[in-house]
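> predicted model and sequence below, questions to follow.
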Amino acid sequence: QVQLVESGGGLVQAGGSLRLTCEASGFTFSSRTMGWFRRAPGKERLFVAAITSNGNTLSYADSVKGRFTISRDNAKNTVYLQMNNLEPEETAVYYCAASQSMYSINSSPNAFNYWGQGTQVTVSS
């Protein structure tokens, strides 16, 4: 049974930091590109960051470059998202997802076939 379980969300003030964690099981984690997406209230799900299976290639949405860092630990089947200098507009549910690819990154949600339930991040002004 495939599972992606996110944690680490919460309430933080603008300018603060959070580290999201996603623990995976039920599939070969080390063979999958992993990504993070977010959905703000009333808006569509948007790409945030992704990392290829071996960690050699990273991709970020322009809006988070320089502030967010994605990483993974294949020994622990875990992917992380370090978020610094958070802004109120980044209040959203953050989702972890597993892609169907191994060494490439496609930022479309359609390229990811396994999804977690999400973790709420609220940034107060």
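Looks like it arrived, so ask away.

> was I right about Thr52 contacting Val79?
No: using Cβ atoms under 8 Å, Thr52 is not in contact with Val79, being 11.2 Å away. Yep, even glycine has a C-beta here, placed from its N, CA and C like the rest.

> for the residue positioned nearest the centre of the chain, give its distance to Ala111.
Most central in the chain under Cα atoms, centre = their mean is Trp36, positioned 2.1 Å from the mean C-alpha point. Between Trp36 and Ala111 the computed distance is 13 Å (Cβ to Cβ, to the nearest Å).

> could you give me the buried positions within stretch 1-18?
Leu4, Glu6, Gly8, Gly9, Val12, Leu18 (16 or more other Cβ atoms under 10 Å).

> what does stretch 86-97 give?
Leu86, Glu90, Thr91, Ala92, Val93, Tyr94, Tyr95, Cys96, Ala97.

> out of these, which is nearest to Asp73?
Among the buried residues of stretch 86-97, Cys96 lies closest to Asp73 (Cβ to Cβ), at 13.6 Å.
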